[in-house]
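Novice: Okay, predicted coordinates and the sequence, questions at the end:
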Amino acid sequence: CSGLTSIIIPDSVTSIGSEIVSSYSQLTQIENGVYYVDKWIIDCDTSFSSVTLRTDTVGISDYAFSDCNRLTSITLPDSVISIGHYAFYNCSGLTSVTIPDSVTSIGSHAFYNCRSLISVTIPDSVTSIGSYAFSGCSSLTSITIPDSVTSIGDYAFSGCSSLTSVTIPNSVISIGSEAFSGCSSLTNVTIPDSVTSIGDSAFYNCSSLTNVTIPDSVTSIGDYAFSYCIGLTSITIPDSVTSIGDSAFYNCSSLTNVTIPDSVTSIGSYAFSGCSSLTNVTIPDSVTSIDQGLFSVCRSLTNVTIPDSVTSIGSHAFSGCSSLTSVTIPDSVISIGDKAFWRCIKLKNIVIPNNVTSLGESTFSGCSGLTSITFQGTKEQWNAITKKYAWNENTGNYIVHCTDGDIAKANS
């Protein structure tokens, strides 16, 4: 655009994408170190620390203030309706910003990595907060999301490690993936009745979060949604939830109690793995399979009830549950996966139905306290079960009690 001297953009235009103008050297409208195309800001002088925009400015284009790391303050006039993608990206010196009531959208990465940003006011005019909008704003301590907002984008506040509390308004329908991940100072969050889904890793590694209430409107909890929330002590999952994602509560090491309602039909792999304080759990009749690693390394789990609806127990499902003393496997189960009860060192007795056709590799390996296996079938049926490598390695000197007699460990 080396010969460009002016551009007229009609009033109907509401946004200008990045790279529409690739050179600014010939633009005539320069004020306060800011380059303009008509009423749109397209670039700034990175040496400026403070900028006051013209009162007729209607939009801030993509990347307009990107990498202006000396910028500490900016005044946005009431005429601004749009803040573009990456608009203030990596403005590491920006401490505060007031977004005027005229703004309706905040683009993705708009304030990404504004590490000095302490406070921000989002007006009622804004309907959506873009992905990564405030990601990496590590000094941000509080945020008020207005009732006008209906969606919070992926990673919107991820890495806001100083954020202590947030109120999500009743207007929000969805919380994006990793929306608040890494908000390690966040102690409490209220999810409103309007929310229907909690995205993958939405509160991942919110290590100070002690309490969360999931409303009846939520139908799904995404993968890793509350993973590594090591301060979370209890959670009630409402009857509306039908699925719990993979590793949803992975390594929530302080979680002592969880209630899973009958509405849940699927629980993802490793959903409660590493919940080392969890003492008791009831799996509802609606669940048909216990997936891989579901309760692995739940070292305080002493008792578990597996419902008749379950047909398979996945690999590593209860591996490392070192406090588990007994378990009854219902008649519905036909297969038990590899290392399903690996190193359950206090497991003394187990009931296995005659419908089981296979025992996976190292299924009971390391169950050093195992003294009794009650098999609900004949000795012939027990011998017909496919038993994979090391299924009973390093176990106690157990006896298999069949309906027509006993089998010693050496012959099992």
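Specialist: It's in.
Novice: C-alpha from now on. contacts and neighbour counts both.
Specialist: Noted.
Novice: tell me the contacts of the closest residue to T371 other than its chain neighbours?
Specialist: Among residues not flanking T371 along the chain, Y398 sits closest, at 3.8 Å (C-alpha to C-alpha, 6 or more residues apart in numbering). Counting by C-alpha atoms under 8 Å, 6 or more residues apart in numbering, Y398 touches 370-373, 408-409.
Novice: any idea how far V126 is from T311?
Specialist: 49 Å (C-alpha to C-alpha, to the nearest Å).
Novice: cool, and C229?
Specialist: Where T311 is concerned, C229 sits at a distance of 31 Å (C-alpha to C-alpha).
Novice: So these two - more neighbours on which side?
Specialist: C229 (28 against 21; other C-alpha atoms under 10 Å).
Novice: so the residue nearest to that one when sequence neighbours are not counted, which of the three states?
Specialist: Nearest residue to C229 in three dimensions, chain neighbours excluded: S207, at 4.5 Å (C-alpha to C-alpha, 6+ apart). At S207 the chain is in coil, as set by DSSP: H, G, I helix; E, B strand; the rest coil.
Novice: how far away is S207 from Y228?
Specialist: 6 Å.
Novice: out of the two, which sits in the busier spot?
Specialist: Remark: of S207 and Y228, Y228 carries more neighbours, 28 against 22, as counted by other C-alpha under 10 Å.
Novice: Need the nearest residue in space to the more buried one, chain neighbours excluded.
Specialist: N205 (4.6 Å).
Novice: Please name the residues that touch that neighbour.
Specialist: So N205 contacts 181-184, 226-230 (C-alpha under 8 Å, 6+ apart).
Novice: switch the cut-off to 6 Å
Specialist: N205 makes contact with 181-182, 228-229 under the criterion C-alpha atoms under 6 Å, 6 or more residues apart in numbering.
Novice: same thing with I152?
Specialist: Contacts of I152 (C-alpha under 6 Å, 6+ apart): 129, 175-176.
Novice: give me that answer again for 8 Å
Specialist: 128-131, 172, 174-176, 179.
Novice: Tell me where the stretch 201-350 of the chain has strands.
Specialist: 211-213, 220-221, 234-236, 243-244, 257-259, 266-267, 280-282, 289-290, 303-305, 312-313, 326-328, 335-336, 349-353 (DSSP state E, counting those that start in this stretch).
Novice: Same list (the ones you listed) but as TSV, adding distance to I168.
Specialist: Below are the strands of the stretch 201-350 of the chain laid out as TSV (distance: least, C-alpha to C-alpha, whole Å):
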stretch	distance to I168
strand 211-213	12
strand 220-221	17
strand 234-236	18
strand 243-244	21
strand 257-259	24
strand 266-267	26
strand 280-282	30
strand 289-290	33
strand 303-305	35
strand 312-313	38
strand 326-328	42
strand 335-336	43
strand 349-353	47
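Novice: mind putting those strands in a markdown table, mean neighbour count, mean pLDDT and distance to I74 included?
Specialist: Converted to a markdown table, those look like this (neighbours: other C-alpha atoms under 10 Å; pLDDT from 0 to 100; distance: least, C-alpha to C-alpha, whole Å):
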| stretch | mean neighbour count | mean pLDDT | distance to I74 |
| --- | --- | --- | --- |
| strand 211-213 | 16 | 83 | 36 |
| strand 220-221 | 22 | 94 | 39 |
| strand 234-236 | 16 | 84 | 42 |
| strand 243-244 | 21 | 94 | 44 |
| strand 257-259 | 16 | 85 | 47 |
| strand 266-267 | 22 | 94 | 48 |
| strand 280-282 | 16 | 84 | 53 |
| strand 289-290 | 22 | 94 | 54 |
| strand 303-305 | 17 | 83 | 58 |
| strand 312-313 | 22 | 95 | 59 |
| strand 326-328 | 17 | 83 | 64 |
| strand 335-336 | 22 | 94 | 62 |
| strand 349-353 | 19 | 93 | 68 |
